[in-house]
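Student: here is a sequence with its predicted model. Questions after.
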Amino acid sequence: MAPLDDVVLTIDIDWAPDFTIDFVAERLISRQVRATWFVTHMSPAIARLKQYPNLFELGIHPNFLSGSTHGDTPDAILRHCIALVPEASSVRTHLLFQSTLLLRQILDQTRITTDVSLFLPGTPHIRPVEWLCRRRTLLRIPYFWADDFEMERNIPCWCLAPHLGVGKGLKVFAFHPIHVYLNSADIEIYQTLKHRVPKISEASANDLNPYIQTGQGACALFKEVIAYLAADGRSACIQDIYNRWQDLRNSPQQLDQRIQ
Ligand SMILES: [Zn+2]
């Protein structure tokens, strides 16, 4: 059994235009690299993702903030998002909104088994954490890197090796299609784009193309992660990690070895 030190690709769709979703998906498909997508809406590009169930896991990305287009209450928001992805087993909340009550409601109202809304930037030795409520368990798998967070750093690092070098443990990456398409590296360039094109969800390639950055950036690192996983030949989705954790916890001796 593989150890729990996988590199895992996750993608927050965040209402991205279809051509940016296709841009990301085509690169994953061509190298046969698995990934988990957190879905915010339905569109032809997202329907196309569903044609690759062996490659892509689709989870939900509910927006629980006021003014959400997903609904007015947590109940309505969850029902809306589950209707988009009835098979979803994983969740990451938009902007990481969370509370004990909300996690409890997710367990009560859905078949979600795994939450990926904990962000622990650059942290080594990450492993799944079992969150218990009324004898039910939500497995929480923290993620350690995000493209938008990297842009906020004084000296962003768009090379894979230093990120893998933080130490052992799970390494879940979070990308956004818009930032991969734009090869975003400088937050100010993205802010200028948002100012000039307020509805990025409706933007065309002509709107976005002038803002594509060259050299180091989110797309450069995304390609490096894909190449690493393709060469390794064992990319995983979030549910693969969930399943492996269930196997490990049924074998405590193995679990001790794997998380050391
Ligand atoms: Zn989001």
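Tutor: The structure has been received and is ready for your questions. Numbering: from 1, shown residues only.
Student: going by C-alpha atoms from here, please, whenever you check contacts or count neighbours.
Tutor: Will do.
Student: please work out which residue of the stretch 1-150 of the chain is closest to the ion.
Tutor: Among all residues of the stretch 1-150 of the chain, residue 94 sits closest to the ion, at 3.7 Å; criterion: CA to the ion.
Student: dihedrals phi and psi, the residue of the stretch 101-250 of the chain found nearest the ion?
Tutor: Of all residues in the stretch 101-250 of the chain, residue 176 sits closest to the ion, at 8.3 Å by CA to the ion. When read as degrees, to the nearest 10, the backbone of residue 176 gives phi -120, psi 140.
Student: go on, residue 173?
Tutor: Residue 173 has phi and psi values of phi -100, psi 140 when expressed as degrees, to the nearest 10.
Student: and it, how many neighbours?
Tutor: A count of nearby residues for residue 173, using other CA atoms under 10 Å, gives 21.
Student: isn't it up against residue 141?
Tutor: No - if you go by CA atoms under 8 Å, residue 173 and residue 141 don't touch, sitting 11.5 Å apart.
Student: count of neighbours near residue 161?
Tutor: For residue 161, the neighbour count with other CA under 10 Å is 11.
Student: sec struct for it, please.
Tutor: helix (DSSP: H, G, I helix; E, B strand; the rest coil).
Student: and it, what's its pLDDT?
Tutor: On the pLDDT scale, residue 161 is placed at 97.
Student: show the contacting residues for it.
Tutor: Residues counted as contacts of residue 161 (CA atoms under 8 Å, 6 or more residues apart in numbering): none.
Student: go with 10 Å
Tutor: Applying CA atoms under 10 Å, 6 or more residues apart in numbering to residue 161 gives the contacts 224-225.
Student: what number of residues lie near the closest residue to residue 187 other than its chain neighbours?
Tutor: Distance criterion CA to CA, 6 or more residues apart in numbering; nearest residue to residue 187, sequence neighbours excluded, is residue 151 at 5.6 Å. Using other CA under 10 Å as the criterion, residue 151 is surrounded by 20 other residues.
Student: the host helix or strand of residue 148 - contacts with which helices or strands?
Tutor: Using DSSP states H and E, residue 148 sits in helix 147-152. Helices and strands touching helix 147-152, as assessed by 3 or more CA pairs under 10 Å, 6 or more residues apart in numbering; DSSP states H and E, comprise strand 171-175, helix 177-182, helix 187-196, helix 218-232.
Student: for these, give me JSON lines that also has distance to residue 155.
Tutor: Formatted as JSON lines, the helices and strands packed on helix 147-152 follow (distance: least, CA to CA, whole Å):
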{"stretch": "strand 171-175", "distance to residue 155": "18"}
{"stretch": "helix 177-182", "distance to residue 155": "17"}
{"stretch": "helix 187-196", "distance to residue 155": "12"}
{"stretch": "helix 218-232", "distance to residue 155": "14"}
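Student: could the ones you listed go into TSV alongside mean pLDDT?
Tutor: Formatted as TSV, the helices and strands packed on helix 147-152 follow (pLDDT from 0 to 100):
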stretch	mean pLDDT
strand 171-175	98
helix 177-182	98
helix 187-196	92
helix 218-232	96
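Student: what's the closest of those to residue 13?
Tutor: Comparing the helices and strands packed on helix 147-152 against residue 13 with CA to CA, the closest turns out to be helix 177-182 (6.2 Å).
Student: would you mind listing what in the chain touches the ion?
Tutor: 14, 94 (CA under 5 Å from the ion).
Student: okay, now the nearest residue to residue 16 once chain neighbours are set aside: neighbour count?
Tutor: Nearest residue to residue 16 in three dimensions, chain neighbours excluded: residue 201, at 5.1 Å (CA to CA, 6+ apart). Using other CA under 10 Å as the criterion, residue 201 is surrounded by 14 other residues.
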